[in-house]
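Q: Using only what follows, build the 3D model:
(2 chains)
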Amino acid sequence: MWEMESQRVAFGDSLRQLGRERQDIVVLGADLSSSTRTFVFAEEFPERFFNCGIAEQNMMGVAAGLAAGGKIAIPSTFAVFATGRVYDQIRQSIAYPKLNVKIVATHAGITVGGDGASHQINEDIALMRAIPNMTVVVPVDAVETPKALRAAVEYDGPIYIRLCRINVPRVTTEEDPFEIGKCTMLREGADVTLIGTGLMVSRCLKAAETLEQEGISASVVNMSTIKPLDKAKVLELAKATGGIVTAEEHTVAVGMGSFIATMISENYPVPIRRVGIPDVFTASGESDELMVKYGLTEEAVAKMAREVVLERN
Amino acid sequence: MSTYDEDFIASLEARARRVRRHIIDSIYSAGSGHPGGSLSAADIITALYTAVMKHDPENCCWDKRDWFVLSKGHAAPALYATLAECGYFDVEELKTLRKLESRLQGHPDMLKCPGVEVSTGSLGQGLSMACGIALAMNLDRQQNKVYCLMGDGEMNSGQIWEAGMFATHYKLGNLIGIIDRNGLQIDGATEQIMGIEPLAFRWKSFGWHIIEINGHSMRQILDAVERSKEISGKPTMIIAHTIKGKGVSFMEGSLKYHGKSPNDAEYQLAISELEEGA
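A: Numbers count the residues shown, from 1 in each chain, chains lettered A, B, ... in the order given. Next comes the predicted model:
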């Protein structure tokens, strides 16, 4: 039903476009420039691309220095190396001094697939969100990815952008607005709100169709900024529909769902359920097999939506 | 050799003594801090800011300035004292070190303290940032130099060597590293905790130009920097042999004062020694 497209290809192409528009953009890689697609930028602007080799800690420090020297630095590598491996470098050298570094992480979550747990980071959103001054953005598809990158470049300060390895469904259009800190409504409903981020937004949309056939009318939200969270809109939806289901390709213990649940419980408690990855190291497999194994399905979203509606009634 | 005359060297030495007094004053006032590594670095930082680097206390963001990265961020009292001597802020402010609402954080914060170029404190990260700044200067065809002062304990850190590889790969001739080789880290002598020798050989094998000096000789510091400017296409590492706690007899070569403020009697003694030297 949806076209499947690569966020990474969209990222590489838009990076090149931004490079043409702005001389102050520099890009850094860690021996993965073909996988992250930063090679597209490197081919056209070799003098503004710095391969750091397999040395991510240094890469983040160099990015900080370039930003201190007036550049917009965009380091890019797999999410597992772009966060956990360099948490302290991001904290100390980038976020604390609020430097203009835009970290673009590809290959986030379990859809990395066959590489297994060593390469599947399901806690990167939690790590990045915990750092003061940091903004966390999860573009939903290949159409939103260039918009997010452009917004990140225009924003003054550090940002973490999370992308998928696999092709993802195109659920937004060129005309749809994107603003850091604002979620977007993809479907209006009255009985329950389904808040998805990343790949799970499409699962929420499919669940909403199933629920409609059962007489449950669901709103669907694309939560493309995790931090700062669009609290006003989430609260408005909590009041309007009286129940929330969150869905993310991330550990459920400390992901978007837990942030929303905390915020809702303090401000306007309504029934809430969270779909996400359990507190385990995930395994090798095909991406779609893993999505089923760890419960990241439209069926799981629909089931929890029914529970919420039942509990509220 | 340098063309600096005796009077000029004497004036530098006098400023370094004032910097040392400020270090002791501010750490005593704070009740905590790192006197040992601040005193060992005092001559180097004083020389750089007084006689080497292009900078303007009235305009921190002057685009022709040279950059200084204090990778060993715990020597912040030495940097703050030098910045105050240069006029970035009032010397009186040094007494606010580490206190609530002070611009002088325990480790340098570039968003708070005027003249501080980058925030540091977590050891091993400064050289990477200095590499990034040097790259930015090259991209802008600027002639600015980037100086990065590291502790010898930092040489334990893998990121330092990642940056060491990076700097030669990208031919950062505008980058000058300085190692404050005082021989001591918190737990003991560097060679007992985690041996870093042969240090000069190691940096040379990474492709750096090496200069070894006495880090308490103003003339040698200035000569080393001058000689580094003759090197193009690769970074220079100045290994400055120093004494931890230099200038205060009972702190010299002592582990005890790595991260400890002097008590009242020690403070009086330290200040009297530094006054005598003046």
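
Q: how close does B:Thr82 sit to B:Ala41?
A: Distance, B:Thr82 to B:Ala41, using C-beta to C-beta, to the nearest Å: 10 Å. All C-beta atoms are positioned from the backbone trio N, CA, C, and that covers glycine.

Q: quick one: which of the two has more around it?
A: Between B:Thr82 and B:Ala41, B:Ala41 has the larger neighbour count (other C-beta atoms under 10 Å in any protein chain shown), namely 32 against 27.

Q: give me the element that one is part of.
A: helix B:35-47 (DSSP states H and E).

Q: can you tell me the average pLDDT over that helix?
A: Averaged across helix B:35-47, the pLDDT comes to 98.

Q: by contact count, what packs against it?
A: If you count contacts as 3 or more C-beta pairs under 8 Å, 6 or more residues apart in numbering or on different chains; DSSP states H and E, helix B:35-47 packs onto helix B:6-30, helix B:76-86, strand B:146-151, strand B:175-181, helix B:218-229.

Q: mind checking how far the fourth one is from the chain centre?
A: It stands for strand B:175-181. Here the centre of mass of C-alpha atoms in strand B:175-181, compared against the chain's by C-alpha atoms, centre = their mean, to the nearest Å, lies 8 Å away.

Q: for chain B, what are the nearby residues on chain A?
A: A:26, A:47-48, A:50, A:52-53, A:55, A:57-58, A:60-71, A:73, A:88-89, A:91-93, A:96-98 (C-beta under 8 Å from any C-beta of the partner chain).

Q: Select only the buried ones of those in PyMOL?
A: A single PyMOL command selects the buried members of the residues of chain A next to chain B (16 or more other C-beta atoms under 10 Å in any protein chain shown):
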select buried, chain A and resi 26+48+50+52+55+57+58+60+61+62+63+64+65+66+67+68+69+70+71+73+89+91+92+93+96+97+98
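
Q: Counting only helices, which of the residues of chain A next to chain B make the cut?
A: Judged by DSSP state H, the residues of chain A next to chain B include A:57-58, A:60-68, A:88-89 as members of helices.

Q: Quick check: which ranges of chain B have low pLDDT?
A: Counting by pLDDT under 70, the ranges of chain B that qualify are B:1-2, B:277-278.

Q: which bits of it sit near chain A?
A: Within chain B, the residues that sit near chain A (C-beta under 8 Å from any C-beta) are B:67, B:109-111, B:117-122, B:125-137, B:139-140, B:158-159, B:162-163, B:165-166, B:170.

Q: So which of those are in helices?
A: Reading helices off the residues of chain B next to chain A with DSSP H, I get B:126-137, B:139, B:158-159, B:162-163, B:165-166.

Q: Tell me who's in contact with A:Gly243.
A: Counting by C-beta atoms under 8 Å, 6 or more residues apart in numbering or on different chains, A:Gly243 makes contact with A:191-193, A:270-272, A:305, A:308-309, A:311-312.

Q: Reformat the residues you listed into TSV and put pLDDT and secondary structure next to each item.
A: What follows is the contacts of A:Gly243, written out as TSV (pLDDT from 0 to 100; DSSP: H, G, I helix; E, B strand; the rest coil):
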residue	pLDDT	secondary structure
A:Asp191	98	coil
A:Val192	98	strand
A:Thr193	98	strand
A:Val270	98	coil
A:Pro271	98	coil
A:Ile272	98	strand
A:Ala305	98	helix
A:Val308	98	helix
A:Val309	98	helix
A:Glu311	96	helix
A:Arg312	88	helix
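
Q: Give the buried subset of the residues you listed as a PyMOL selection command.
A: In PyMOL, a selection of the buried entries from the contacts of A:Gly243 looks like this (16+ other C-beta under 10 Å):
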select buried, chain A and resi 191+192+193+270+271+272+305+308+309
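
Q: Among the contacts of A:Gly243, find me the one that's closest to A:Arg20.
A: The closest of these to A:Arg20 turns out to be A:Thr193 (C-beta to C-beta; 40.2 Å).

Q: Give the bridge partners for that closest one, please.
A: A:Thr193 has the following beta-bridge partners by DSSP bridges: A:Ser219, A:Ile244.

Q: shouldn't it be in contact with A:Ala247?
A: No - contact criterion C-beta atoms under 8 Å: A:Thr193 and A:Ala247 do not qualify, at 11.3 Å.

Q: and B:Gly253, what element?
A: Counting by DSSP H and E, B:Gly253 is part of no helix or strand.

Q: so what's it up against?
A: Listed by C-beta under 8 Å, 6+ apart, the contact partners of B:Gly253 are B:184, B:243-245.

Q: one more time with 6 Å, if that's ok
A: By C-beta atoms under 6 Å, 6 or more residues apart in numbering or on different chains, the contact set of B:Gly253 is B:Ile243.

Q: now B:Ile213
A: Counting by C-beta under 6 Å, 6+ apart, B:Ile213 has contacts B:220, B:224, B:240.

Q: at 10 Å instead, please
A: Taking C-beta atoms under 10 Å, 6 or more residues apart in numbering or on different chains, we find B:Ile213 in contact with B:44, B:178, B:181, B:219-225, B:227, B:238-242.

Q: Check those against chain A and report the nearest one.
A: Here the nearest of these to chain A, counting by C-beta to the nearest C-beta, is B:Ile178; it sits at 16.7 Å.

Q: related to what we said a few turns ago, let me have the ones in helices among the residues of chain A next to chain B in TSV, adding pLDDT as columns.
A: As requested, those are exported to TSV (pLDDT from 0 to 100):
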residue	pLDDT
A:Gln57	98
A:Asn58	98
A:Met60	98
A:Gly61	98
A:Val62	98
A:Ala63	98
A:Ala64	98
A:Gly65	98
A:Leu66	98
A:Ala67	98
A:Ala68	98
A:Asp88	98
A:Gln89	98
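
Q: Dihedrals phi and psi, the residue nearest the centre of chain A?
A: Centroid-nearest residue in chain A: A:Val138, 2.1 Å away (criterion: C-alpha atoms, centre = their mean). Taking degrees, to the nearest 10, you get phi -120, psi 90 for the backbone angles of A:Val138.

Q: What are the structural domain limits within chain A?
A: Here the domain assignment for chain A is A:4-169, A:184-312, based on automatic domain parsing.

Q: which of these is buried the deepest?
A: Between the domains of chain A, domain A:4-169 has the highest mean count of neighbours, a mean of 22, where neighbours are mean count of other C-beta atoms under 10 Å in any protein chain shown.

Q: what's the span of that one, first residue to last?
A: In domain A:4-169, first residue to last residue: 5 Å (C-alpha to C-alpha, to the nearest Å).

Q: so B:His216 is in which element?
A: Assessed by DSSP H and E, B:His216 sits outside every helix and strand.
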